[in-house]
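Chemist: for reference, the sequence and a predicted model appear below.
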Protein chains: 2
Amino acid sequence: MTAGVRAGTLLAGVPDAAAGERIVPLLAGPGGRIEQIVSAGQASPDGFWYDQDRAEFVLLLAGTAGLRIEGEPRTRELRAGDYVVLPAHCRHRVERTSAVPPAVWLAVHL
Amino acid sequence: MTAGVRAGTLLAGVPDAAAGERIVPLLAGPGGRIEQIVSAGQASPDGFWYDQDRAEFVLLLAGTAGLRIEGEPRTRELRAGDYVVLPAHCRHRVERTSAVPPAVWLAVHL
């Protein structure tokens, strides 16, 4: 392997999230960070909203999930391949995630 | 739709890349940029190496591809779900991409 090159897969050997959501850092730098998030039935706590300083690009790679954005009339239902771009401070929460298969997300904070 | 929120899918209605690689910008900011790249049989030109100022996270979402990194003895064969983190100025090239199904990449430059 060449110095500094890293590689892997996001769809096999996925961390077991049965006991709680798992976050795997993939790349971080001054400009932002990339992480894999694995959920297995978890949702954001009641009344909790994410409110982040950076824009977020979130892509569902496997499973299904429900994403709620504050001010929208209904939950967005996501399946593999679906992405959402959330501006900074766009309040949002995860209403549900599939347990089997687990929901595998790629999140990029820019 | 809430102001500034954008959404879509990367795995359906993929741009037709038969006539040439297609690059779809997804998010750009001072910290970096995210794009979808669709290839259908294309490869980097003979002797061409990418040499970029920023680190790149590249994830293959569909299809297969061969990624060559300078100094490595052989091409890395990638399939859906595989990612590679390339440090800034890590010279690399795409040796091949599948045409059917097309190779769909997510690239993040940080």
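Modeler: Here it is on my side, so go on.
Chemist: so A:G63 sits against A:P101, correct?
Modeler: Yes: counting by CB atoms under 8 Å, A:P101 is a contact partner of A:G63 at 4.9 Å. Every C-beta, even on glycine, is put in place using the N, C-alpha and C of the backbone.
Chemist: and the two? which has more neighbours close in?
Modeler: Counted by other CB atoms under 10 Å in any protein chain shown, A:G63 and A:P101 do not tie: A:G63 has more neighbours, with 22 against 13.
Chemist: okay, that one and B:T64: tell me how far apart.
Modeler: In this view, A:G63 and B:T64 are 23 Å apart by CB to CB, to the nearest Å.
Chemist: ok, now A:G13?
Modeler: Counting by CB to CB - A:G13 and B:T64 are separated by 19 Å.
Chemist: please apply the same query to A:G47.
Modeler: According to CB to CB, A:G47 stands 45 Å off from B:T64.
Chemist: so which of those two has more stuff around it?
Modeler: Shown here are A:G47 and B:T64; by other CB under 10 Å, B:T64 has more neighbours (15 against 6).
Chemist: could you pull up the residues touching the more buried one?
Modeler: By CB atoms under 8 Å, 6 or more residues apart in numbering or on different chains, the contact list for B:T64 reads B:77-80, B:97-98, B:103.
Chemist: which among those residues gets closest to chain A?
Modeler: Set against chain A, the nearest of the contacts of B:T64 by CB to the nearest CB is B:A80 (6.6 Å).
Chemist: skipping adjacent residues, who's closest to the closest one in space?
Modeler: Sequence neighbours aside, B:A62 is the residue nearest to B:A80 in space, at 5.3 Å (criterion: CB to CB, 6 or more residues apart in numbering or on different chains).
Chemist: my read: the one you found touches B:P102, true?
Modeler: Yes: using CB under 8 Å, B:A62 is in contact with B:P102, at 7.1 Å.
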